[in-house]
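predicted model, plus sequence, below.
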Amino acid sequence: MTWRLTDNLDAFLAAAGDHLRADPVLHTVPLTVLETLRQAGLTAFGDAPPVFGWHESANGATDGAFFQTPPFPVLVASLPPGSAESLVGVLADSRPPPIEVNLVGADEADVVAAWVAQTGGQATTQMHSRLFELGVLTPPDPMPPGTARVAGDGDRDLLVEWLAAFARETGAGSPDHVERTVADRLSHHGLTLWETGGEPVALAGLTREVAGVVRVTDVYTPPAHRRRGYGGAVTTTVSQSGLAAGAAAVVLFTDMANPTSNALYQRLGYRPISDRVVLELTAT
């Protein structure tokens, strides 16, 4: 059993693509990130080249996968039992070693123990998020005033401003890289604005459909327009758009430190599936 590394996207997809697509709901983030890299190129998220890795079982089958698109954390899609130590060995030996790693919550204890034992450093939880899948969509009743429209290139400055604010408030992503995010979302009509009186008051995004799954992202309402139901309205709109486009599943993540968003999405019909954590890694 071993980890294989490559900087070649096609080689990684050939080795790990079927493994990831076997559970497209749990693997929604790696699948959509990889599809963005395939569509937009390896610099879609940053100038430094991505690194990809997959784990081979004793019979040569792929049973685990991770990758990093700098400057974002290492994303561990799946970690087979007993492989935490070998993964930490790969991460600790990389140059430079990663600062953060995003992994399934159930794997946190094993990875923390392996990191501390091998490096003498520390691993601190920076974020705890929860994956939700839409059951029966339940729109707000009543809906707030306003209408939705798909954002276009003329909205680019506003979108960059709002996504940068979203990144600062939530710690999800980096304000320095939102222009790339906006460009990618606009390329597939993946951002929707809720407007009242012609003024945008809320935003939500939708990823490309991959393996039958779309993910709601970037739900943001500026402070001046909060507590009026606009976030629920625009989330409902993009959720309906995903279903209308034929997605088999619509999912989203919430920050567990934000009880408001967690309650909102459950009222709309989203149900918890799995947890993930982001660990900050330090070494002596």
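That came through, no problem. Residues are numbered from 1 along each chain as shown.

what does the host helix or strand of Q118 rub up against?
For Q118, the host element (DSSP states H and E) is helix 108-119. With CB atoms under 8 Å, 6 or more residues apart in numbering as the test, helix 108-119 has contacts from 76, 79, 84-85, 87-89, 91-92, 101, 103, 121-123, 125, 277, 279, 281, 283-284. Placement of C-beta: from N, CA and C, glycine included.

now with 6 Å?
For helix 108-119, contacts defined as CB atoms under 6 Å, 6 or more residues apart in numbering pick out 84-85, 88, 92, 123, 277, 283.

let me see the mean pLDDT of that helix.
When pLDDT is averaged over helix 108-119, the result is 96.

give the pairing partners of the helix or strand that it is followed by; include direction for each.
As assigned by DSSP H and E, the chain's next helix or strand after helix 108-119 is strand 122-134. Using DSSP bridges, strand 122-134 pairs in its sheet with strand 249-255 (antiparallel), strand 270-282 (antiparallel).

now the helix holding Q118, how far from the chain's geometric center?
24 Å (CA atoms, centre = their mean, to the nearest Å).

and if you look at stretch 52-69?
With CA atoms, centre = their mean, you get 20 Å for stretch 52-69.

just the CA coordinates for the helix holding Q118, please, in CSV.
Only the C-alpha atoms of helix 108-119 are listed here, as CSV (Å, rounded to 0.1, in the frame of the first residue of the first chain):
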residue,chain,number,x,y,z
GLU,A,108,-9.0,14.2,12.2
ALA,A,109,-7.8,12.3,15.3
ASP,A,110,-5.6,9.9,13.3
VAL,A,111,-4.0,12.7,11.2
VAL,A,112,-3.4,14.9,14.2
ALA,A,113,-1.7,12.0,16.1
ALA,A,114,0.4,11.1,13.1
TRP,A,115,1.5,14.7,12.5
VAL,A,116,2.5,15.3,16.1
ALA,A,117,4.3,12.0,16.3
GLN,A,118,6.3,12.5,13.1
THR,A,119,7.0,16.2,13.2
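
show me which positions of it end up buried.
108, 110-112, 114-115, 119 (16 or more other CB atoms under 10 Å).

got it, and stretch 51-59?
Neighbour-count burial for stretch 51-59 [16+ other CB under 10 Å]: 51-56.

show me where the protein has its helices.
9-21, 28-40, 84-93, 108-119, 156-170, 178-187, 230-244, 259-267 (DSSP state H).

hang on, the earlier thing: what's the most buried one of the strands paired with strand 122-134?
strand 249-255 (a mean of 22; mean count of other CB atoms under 10 Å).

show the pLDDT at the nearest residue to F67 once chain neighbours are set aside.
In this structure, F67 finds its nearest non-sequential neighbour in F52, 4.3 Å apart by CB to CB, 6 or more residues apart in numbering. Looking at F52, its pLDDT is 98.

bridging residues for F52?
T6, F67.

go ahead and confirm it touches R4.
No: using CB atoms under 6 Å, F52 is not in contact with R4, being 8.9 Å away.

look up how far Q122 lies from A84.
The gap separating A84 from Q122 is 16 Å, by CB to CB, to the nearest Å.

include distance to Q240 when you put the buried residues of helix 108-119 into JSON lines, please.
Listed next are these as JSON lines, based on distance: CB to CB, whole Å:
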{"residue": "E108", "distance to Q240": "35"}
{"residue": "D110", "distance to Q240": "40"}
{"residue": "V111", "distance to Q240": "38"}
{"residue": "V112", "distance to Q240": "40"}
{"residue": "A114", "distance to Q240": "43"}
{"residue": "W115", "distance to Q240": "42"}
{"residue": "T119", "distance to Q240": "47"}
